[in-house]
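1. Need coordinates for the following:
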Amino acid sequence: MQQNNVQLILLPGMDGTGVLFRPLLETLPENIEARVITYPCDKDKGYPELTEYVKGKLPKERNFILIAESFSGPIAYSISSNPPKNLKSVIFVATFINTPNRFLWLLEKLPLPLILKLPIPIFFIKRLLLGKNAKHQNIKLLKEAINKTDSETLANRIREMLYIPVEENKILVPSAYLAAGNDKLVPHRNIKEFMRIAPKIEIIMIDGPHFLLQESPKECGIEIMRILEQSPQDVVRDELQH
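-> Numbering: from 1, shown residues only. Predicted coordinates for the structure are as follows:
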């Protein structure tokens with residue numbers, strides 16, 4: 001494998017903690033540097049504020065690849081449609097750039113902060129999130145991530161997904177989309193939106209549920225490494241930052 005100095009920058013799902021990246025990080029080779037940008041637990045920060053927050057955390061000189069999971073798709077899209085010169089490519093994972101699922105509108109009238117304070121039923125986790133064969137450690141990891149995030153913040157992020165404006169800007173860097181073959185939250189019609197604003201995007205279908213990086217980390221890691229190896233710059237060893 002070519003060694004270079006490209007850094008992986010990971011943007012988390014709705015919880016914003018980065019906790020759920022552990023299974024993927026454990027599969028990556030030791031000589032790969034990966035850094036997670038975690039989000040502040042702030043119910044007043046929507047997509048515009050979080051996008052600016054992420055921009056402030058990106059490497060200034062170091063070449064990097066952006067990996068965006070689920071909730072973070074619109075943030076990575078905004079950055080890649082007006083990219084810094086050192087962004088080499090972007091990898092979208094089971095995500096979206098517009099409101100992902102029409103059923104989300106059913107949640108708008110519900111008392112989401114109160115509901116999100118309740119324990120998540122196991123059947124819900126397996127049915128919609130981690131799949132029927134969900135690993136026990138991933139169920140614990142999901143609960144840990146949610147418990148670290150204020151329910152008001154989670155509720156606000158769900159509402160943010162309802163009002164994402166339709167954009168026409170093109171993605172201006174090489175891009176790939178890791179699609180979950182059995183995604184119950186983000187229907188595959190969302191892939192068409194990425195193909196519309198990035199006609200050359202590489203679509204990679206991987207068997208697994210919406211939480212693809214957690215339940216299929218090895219398969220995702222292989223694809224991420226392949227994309228990394230195609231990067232024109234070299235990668236150096238650095239300690240993983242969580």
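2. Report the central residue of this structure.
-> Glu69 (0.9 Å; C-alpha atoms, centre = their mean).
3. which residues in the chain form strands?
-> For the chain, strands defined by DSSP state E occupy the ranges 7-11, 34-36, 64-69, 87-93, 175-180, 202-206.
4. Would you mind giving those as TSV with distance to Ile79 and mean pLDDT added?
-> Any C-beta I mention is one placed from the backbone N, CA and C, and that applies to glycine too. Below are the strands of the chain laid out as TSV (distance: least, C-beta to C-beta, whole Å; pLDDT from 0 to 100):
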stretch	distance to Ile79	mean pLDDT
strand 7-11	9	96
strand 34-36	15	95
strand 64-69	7	96
strand 87-93	7	96
strand 175-180	12	96
strand 202-206	18	96
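5. want to throw the ones you listed into JSON lines with distance to Ala76?
-> As requested, the strands of the chain are arranged in JSON lines below (distance: least, C-beta to C-beta, whole Å):
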{"stretch": "strand 7-11", "distance to Ala76": "6"}
{"stretch": "strand 34-36", "distance to Ala76": "14"}
{"stretch": "strand 64-69", "distance to Ala76": "3"}
{"stretch": "strand 87-93", "distance to Ala76": "5"}
{"stretch": "strand 175-180", "distance to Ala76": "9"}
{"stretch": "strand 202-206", "distance to Ala76": "15"}
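6. Where does pLDDT dip in the protein?
-> Low-confidence segments of the chain (pLDDT under 70): 1-4, 101-119, 121-125, 127-128, 232-242.
7. Could you list which residues are in contact with Ile79?
-> Applying C-beta atoms under 8 Å, 6 or more residues apart in numbering to Ile79 gives the contacts 51, 54-55, 58, 66, 87, 90.
8. any idea where the helices of the chain begin and end?
-> Residue ranges of the helices in the chain, as given by DSSP state H, are 22-27, 47-57, 73-80, 112-116, 122-124, 136-147, 151-160, 189-197, 212-215, 217-229.
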